[in-house]
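Visitor: Need a 3D model of the sequence below.
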Amino acid sequence: MKNDMKLIDYLAVRRSVPAFQMCEPGPSTAELENMLTLAVRVPDHGKLAPWRFVVYRGAARVEIGEALLKMALEKNPALSDEMIAVERARFTRAPVVIGVISTAGPHAKIPEWEQLMSAGAVCLNLLMAANALGYVSNWLTEWFAYDERAYPLLGVRSGEKVAGFIHIGSTTFPVTERPRPALADVVSWMGEGA
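Guide: So this is what the prediction gives:
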C-alpha cells in the first residue's frame, strides 16, 4: 500500500491479504491508536458507539492460541496435526489482531440492526486505516467468534458479539486480485437516470 495513494485509486485496488501471509513488522502503539481513531469515524445513528475494541499483541496472542487449541481439542479430540497447528496459530499469524466487539442492544430510537451495521463499518474503516498506514489487513471471524465459551478468553462480555477480528501486519507476498461480482449480477436500477 502506498501512503500517497488517492482514495479513488485505493478503492479500485483494495484487497485483503490472508492472515497466514502476514509477518512483522506490525504497527506501533502510536500507529494503532491512529488506526483506531480513524476507525471510529463511521455512521453511528444516535452517537451510541455500539462497539469497542480489544487489541491482542505480544505473548497474549500465544496464550490465546493455546487456550483455543484446548477448546478445539475438547470439541474434536481427533484433530489432525495440521489442524492443531492452525488452531494454535489463530492469533499469531499477524503481529496484531484487533477484536471489534459489537455492544448493540435494544434502544428506544435506534434499531439494533443499525447498531450492528455501524460495527461492520468500524471493521471496514479499520482495514482501510491499516492500509493507509502501509500495512496489510484482513477481517476474519472464525469459529470462536460464535462460541460464547471463548468470550471470557477474548475479553468479550456477556451480551456482546464479535463483529470481527482484524489482523494487521506486513507481507512479503504479492497482493493479487480475486474475482469480483459483475455489476449486472448485483445491481437493480429503479427510475430513469440523468
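Visitor: Got the phi and psi for the most centrally placed residue in the chain?
Guide: Centroid check for the chain by CA atoms, centre = their mean gives I166 as the closest residue, at 2.6 Å. Backbone dihedrals for I166, given as degrees, to the nearest 10, come out at phi -100, psi 110.
Visitor: And V97, by the same measure?
Guide: According to degrees, to the nearest 10, V97 has phi -130, psi 130.
Visitor: which helix of the chain spans the most residues?
Guide: helix 112-132 (DSSP state H).
Visitor: residues in contact with the residue nearest to the centre of the chain?
Guide: 97-100, 123, 126-127, 130, 137-140 (CB atoms under 8 Å, 6 or more residues apart in numbering). In this view, the C-beta of every residue, glycine as well, is placed from N, C-alpha and C.
Visitor: bridging residues for it?
Guide: I98, W139 (DSSP bridges).
Visitor: how close does it get to L79?
Guide: In this view, I166 and L79 are 26 Å apart by CB to CB, to the nearest Å.
Visitor: where are the low-confidence patches of this protein?
Guide: Scanning the chain for pLDDT under 70 picks out 1-5, 194.
Visitor: So which residues of it form strands?
Guide: For the chain, the strands defined by DSSP state E cover 22-23, 51-56, 96-102, 136-140, 161-171.
Visitor: What are the boundaries of the helices in this structure?
Guide: 7-13, 29-39, 59-75, 81-88, 112-132, 151-154, 183-186.
Visitor: That'll do, ta.
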